[in-house]
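J.: just need the structure, nothing else, for what follows:
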Amino acid sequence: MTKTFLLSISATLLLSASQTPITFEKTFGGDEDDVARSVIKTDDGYLIAGKTKSFTSDRDYDAYLIRIDKNGKKIWSKVYGGRDDDEANAITAYGKDFAFVGSTESYGNDNLSYYFVKLDAKGDAYWQKSYFRGERDYYYGNDIIADGNDLVIAGSERHLSFLSAKINPLLFKIDAEGDMLWHTYVYGKDEDRAKAIISTDDGYVMSGTTESYGHGDFDSYIVKLDKQGKKIWFNAFGGKDDETAEDVIATKDGFLLVGSTDSFGLNYKNVYVVKTDKDGKKIWERTYGGRYDDEGYAVTKAHDGGYVIAGRSETRRNGSDLYLLKIDENGKRKWERTYGGDEDDTAYDIVSTDDGYLIVGTKQTDLTRHNDVWILKVDLNGKL
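T.: Numbers count the residues shown, from 1 in each chain. Here you go, the predicted structure:
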């Protein structure tokens, strides 16, 4: 065998090794409930946000962050909060730093307030703040994005009045020190909630659930807002029963909403996807699912122009698995995968990577039935 041939074999083996996708399955947590709600990519891996009961002194929830490298090895984990329940629901990169948003009972008003924290790459907080308007109201912080030097936070306010409660999406912008720049409400006459927000060149697009507008009980909605939070257009989608829009992403010609529907299945929920144009007008809608309840919680762009959706699927009554669904640009199903054990397992967020997808959520243990943070890194076909 010649030296040249040996070098050729070595080069081929090195190339094959470099193209092998990284896949892994990891759980993090302790003896109590631990949940992952959001994930972003970092320079050296991923940063995951959620909540934990395992690493607190009083068995209430604290906000919980875990930073891992590209192979799933933990770099650090930290908790944030006070003596009552606190949680992180979404996280974003913010220059060289990060910021998360959630809800807190430890700080703010007497019930539940927005909770937002700015932190460095090691997880040390620069500041943490809460926001509320009414002492008796409830505030649910659901999503956060960076907008230049500022941060935009989306969630909902549950305003209590005599014998009634009104829920509206509440959007606000803060500066680098966490100080309020403006806030706005997307008003309706009934119950409406904000679940996700993304930035556009000229403003923002937000999605959620509305009872005020649409076709039935609750519908999914998309709303376009300018840079000051003023509504430009609004559209709702659904049937005679309930729909949700848990996540939204921009596409090359519009937007894609992902959630669930009760209107179009056989007495069970289905994953519900709506594709719109740039003005929020429906191009197509599709439903996906099996025999029991199926729900979509997050979506990311696929490498071939389609989309990968993460959520949960009931493979048997009263038991669910983590659910992955790949669709093409027109909503045609390409593949679907389920992962899980004998108890309830769910995916809450997903990001695309160079060689596949990383999914975070919860995995319920078989014996104690508490939840652990569950992280799956799969290849481009959704396989471990």
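J.: okay, and residue 26 sits in which element?
T.: Assigned by DSSP states H and E, residue 26 falls within strand 24-28.
J.: list the buried residues of that strand.
T.: For strand 24-28, the buried set under the neighbour-count rule, 16 or more other CB atoms under 10 Å, comprises 26, 28. Every C-beta, even on glycine, is put in place using the N, C-alpha and C of the backbone.
J.: per-residue confidence averaged over that strand?
T.: Averaging pLDDT along strand 24-28 gives 97.
J.: what lines up beside the very next helix or strand once past it in the sheet?
T.: Where DSSP H and E defines the elements, the next helix or strand beyond strand 24-28 is strand 34-41. Its sheet considered, strand 34-41 pairs with strand 45-52 (antiparallel) by DSSP bridges.
J.: just how off-centre is the strand it pairs with within its chain?
T.: On the basis of CA atoms, centre = their mean, to the nearest Å, strand 45-52 sits 11 Å off its chain's mean C-alpha point.
J.: stretch 233-252 now?
T.: Chain-centre distance of stretch 233-252: 15 Å, with CA atoms, centre = their mean.
J.: nearest spatial neighbour of residue 51, chain-adjacent residues omitted?
T.: Sequence neighbours aside, residue 87 is the residue nearest to residue 51 in space, at 3.9 Å (criterion: CB to CB, 6 or more residues apart in numbering).
J.: that neighbour should be in a strand, yeah?
T.: Yes. Residue 87 sits within a strand when classified using DSSP: H, G, I helix; E, B strand; the rest coil.
J.: and the pLDDT for it?
T.: Looking at residue 87, its pLDDT is 98.
J.: so it versus residue 138, what's the distance?
T.: Distance of residue 87 to residue 138, given as CB to CB, to the nearest Å: 13 Å.
J.: who has more neighbours, these two?
T.: A count of neighbours by other CB atoms under 10 Å puts residue 87 above the other of residue 87 and residue 138, at 25 against 19.
J.: send me stretch 142-158 as CSV with only the CA atoms.
T.: The C-alpha coordinates for stretch 142-158 follow below in CSV (Å, rounded to 0.1, in the frame of the first residue of the first chain):
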residue,chain,number,x,y,z
ASN,A,142,-43.8,34.8,28.3
ASP,A,143,-41.2,36.0,25.8
ILE,A,144,-38.3,38.4,25.4
ILE,A,145,-36.2,39.7,22.4
ALA,A,146,-33.3,42.0,22.0
ASP,A,147,-33.9,45.1,19.9
GLY,A,148,-30.6,46.9,19.5
ASN,A,149,-29.7,48.3,22.9
ASP,A,150,-33.1,47.6,24.3
LEU,A,151,-35.2,44.6,25.3
VAL,A,152,-38.9,44.0,24.4
ILE,A,153,-41.0,41.8,26.7
ALA,A,154,-44.3,40.2,25.9
GLY,A,155,-46.8,38.6,28.2
SER,A,156,-50.2,39.1,29.7
GLU,A,157,-51.9,41.0,32.5
ARG,A,158,-54.8,39.5,34.4
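J.: in it, which residues are buried?
T.: Those buried within stretch 142-158 under the rule 16+ other CB under 10 Å are 142-146, 151-158.
J.: what sits against residue 377?
T.: 22-25, 72, 353, 356-359, 384 (CB atoms under 8 Å, 6 or more residues apart in numbering).
J.: among these, the buried ones, what's the PyMOL command?
T.: To isolate the buried members of the contacts of residue 377 in PyMOL, using 16+ other CB under 10 Å:
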select buried, resi 23+72+353+356+357+358+359
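J.: please narrow the contacts of residue 377 to those residing in strands.
T.: 24-25, 353, 356-359 (DSSP state E).
J.: what's around residue 369, how many residues?
T.: 10.
J.: got any ranges where this protein has weak pLDDT?
T.: Applying pLDDT under 70 to the chain picks out residues 1-18, 162-164, 316-318.
J.: what about stretch 224-244, how long is it end to end?
T.: Using CA to CA, to the nearest Å, the end-to-end distance of stretch 224-244 comes to 17 Å.
J.: only the buried residues of it, if you could.
T.: In stretch 224-244, counting by 16+ other CB under 10 Å, buried: 224-225, 229, 234-239, 241-244.
J.: distance to residue 275 and secondary structure added to the residues you listed, as a markdown table?
T.: As requested, the buried residues of stretch 224-244 are exported to a markdown table (distance: CB to CB, whole Å; DSSP: H, G, I helix; E, B strand; the rest coil):
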| residue | distance to residue 275 | secondary structure |
| --- | --- | --- |
| 224 | 16 | strand |
| 225 | 20 | strand |
| 229 | 25 | coil |
| 234 | 17 | strand |
| 235 | 12 | strand |
| 236 | 15 | strand |
| 237 | 10 | strand |
| 238 | 15 | coil |
| 239 | 17 | coil |
| 241 | 21 | coil |
| 242 | 20 | coil |
| 243 | 15 | strand |
| 244 | 16 | strand |
